[in-house]
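*Asks:* any chance you could fold what I've pasted below:
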Amino acid sequence: MGDDSRNEYVYKFVSRARWNAADAKRGMAAGDKYLDDGTLYAARFDESGSGEWLPLSLDNPALAAFEDLADIVINCRAAADAASATPMDRPEWGAVNPKNGEFYFTLTNNSTRGTTGPQVDAANPRTYEDLKGTATQRGNVNGHILRLREAGSDAAATTFTWDVYLFGAQSDADAASINLSGLTAENDFSSPDGLWFDARGLLWIQTDDGAYTDVTNCMMLAGAPGEVADGEEIAVGSQTTQLGRKPGVERLRRFLVGVPGCEVTGVDITPDHKTMFVNIQHPGESGNLTKFQSNWPSMTSDDASVSGEPGTRPRTATIVVTRDDGGTIGT
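*Replies:* All right, here's what the predicted structure looks like:
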């Protein structure tokens, strides 16, 4: 899990109780024991592409100043600071690849990286300037997606290997320092947020973006995930990082684009993979009651460029996606 704030941490909780399949449908009566006792860890990402889960417990000498376990849990961010976990660029959603157990998580952006906050590191290697209109944006403007593989493919392991699955960027940004994943105008994106694997192992990426909205609205993409260490070590200025295989349009494609001012967040699909549900949140966010940025979904035409019925407020909604030929989505 991620703590969605600038320069906060990635965590995992390992229950002391071992899973009993008989508990799968017993609800709270059985389920609460799995969260009652265990160890909370914060992640440290090392330069070499390795990493360690640092225990946030009284057994960790770095946390000797904490009074008791309650003090650690309530002041979790301070405990991760003391344990020397790696401050990240707004870690948000996480998802596990059902085909190989690797864990992916989004780092949405960080305006303080290399500016008023921490300097770059291997897991957060970019700080740059990007223009939006006449405004200059700084830091890790477009965000990225990391993935990690637990040692021995054991979810309770305390060490892991990692790399960057994708860097968000505008397609025409500098390839050596910003567009490191080689995105094109067909699959470039910014500020990854929502992240979900379907049962087939296809990865769905959703954006909540304020940096690239002068070019396009927030969107959803479909990606073929690959695996940790399928790429190479690269240099980003004086910083090295571990970059996964560049996707190309064969392995990363834009699936849908939202309406002005919205965030695309939340997705599910029917078991036959023929009907998908996607949330379009807070459309027209930058408008006001006298000048709406969007009137969606009260459209007066099938043409999405039409702004809608004048005076109609935009509304959050869930859309349903099917293929015209009735086939499976994403294949």
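*Asks:* tell me who's in contact with residue 9.
*Replies:* By CB atoms under 8 Å, 6 or more residues apart in numbering, the residues touching residue 9 are 2-3, 42-43, 77, 80, 85-88, 91. Every residue, glycine included, has its C-beta placed from N, CA and C.
*Asks:* now residue 88
*Replies:* Taking CB under 8 Å, 6+ apart as the contact definition, residue 88 lies against 2, 7-10, 107, 110, 123-124.
*Asks:* and the longest helix seen in the chain, what does it pack against?
*Replies:* Scanning the chain for the helix with the most residues, using DSSP state H, yields helix 76-83. Applying 3 or more CB pairs under 8 Å, 6 or more residues apart in numbering; DSSP states H and E, we find helix 76-83 packed against strand 38-45, strand 50-55.
*Asks:* cutoff 10 Å now
*Replies:* Contact here means 3 or more CB pairs under 10 Å, 6 or more residues apart in numbering; DSSP states H and E; on that basis helix 76-83 packs against strand 6-8, strand 38-45, strand 50-55, helix 69-74.
*Asks:* what segments of the chain are helices?
*Replies:* Assigned by DSSP H, the chain shows helices spanning 28-31, 33-36, 69-74, 76-83, 248-251.
*Asks:* need the winner for burial among those helices.
*Replies:* Of all the helices of the chain, helix 76-83 carries the top mean neighbour count, a mean of 19, counting by mean count of other CB atoms under 10 Å.
*Asks:* what's the angle between that helix and strand 38-45?
*Replies:* 60 degrees (axes from the mean of the first three to the mean of the last three CA atoms, to 10 degrees).
*Asks:* possible to save the helices of the chain as CSV with distance to residue 48 and mean pLDDT?
*Replies:* Converted to CSV, those look like this (distance: least, CB to CB, whole Å; pLDDT from 0 to 100):
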stretch, distance to residue 48, mean pLDDT
helix 28-31, 38, 87
helix 33-36, 33, 90
helix 69-74, 29, 96
helix 76-83, 20, 98
helix 248-251, 26, 94
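*Asks:* Throw those helices into JSON lines and include distance to residue 57, thanks.
*Replies:* Listed next are the helices of the chain as JSON lines, based on distance: least, CB to CB, whole Å:
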{"stretch": "helix 28-31", "distance to residue 57": "23"}
{"stretch": "helix 33-36", "distance to residue 57": "15"}
{"stretch": "helix 69-74", "distance to residue 57": "7"}
{"stretch": "helix 76-83", "distance to residue 57": "9"}
{"stretch": "helix 248-251", "distance to residue 57": "40"}
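*Asks:* closest to residue 150 out of the helices and strands packed on helix 76-83?
*Replies:* strand 50-55 (8.8 Å; CB to CB).
*Asks:* so the residue positioned nearest the centre of the chain versus residue 203, what's the distance?
*Replies:* Central residue of the chain (CA atoms, centre = their mean): residue 106, 1.8 Å from the mean position. As judged by CB to CB, to the nearest Å, residue 106 and residue 203 stand 11 Å apart.
*Asks:* can you check residue 10 too?
*Replies:* 18 Å.
*Asks:* before we move on, the earlier item: burial measure for the residue lying closest to the residue nearest to the centre of the chain once chain neighbours are set aside, as a count.
*Replies:* Spatial nearest neighbour of residue 106, excluding adjacent residues (CB to CB, 6 or more residues apart in numbering): residue 192 at 4.2 Å. For residue 192, the neighbour count with other CB atoms under 10 Å is 28.
*Asks:* ok, residue 192 to residue 178 distance?
*Replies:* Distance from residue 192 to residue 178, by CB to CB: 15 Å.
*Asks:* what do you get for residue 125?
*Replies:* 11 Å.
*Asks:* give the residues shared as contacts by these two.
*Replies:* Shared contacts of residue 125 and residue 178 (CB atoms under 10 Å, 6 or more residues apart in numbering): 140, 167, 236.
*Asks:* the first one bridge partners, please.
*Replies:* Beta bridges link residue 140 to residue 110, judged by DSSP bridges.
*Asks:* same question, the last one
*Replies:* In this structure, residue 236 has beta-bridge partners residue 239, where bridges are defined by DSSP bridges.
*Asks:* so it touches residue 128, yeah?
*Replies:* Yes - taking contacts as CB atoms under 10 Å, residue 236 lies within contact range of residue 128: 9.5 Å.
*Asks:* closest one to residue 98 among the helices of the chain?
*Replies:* Taking CB to CB, helix 248-251 is the member of these nearest to residue 98, at 17.7 Å.
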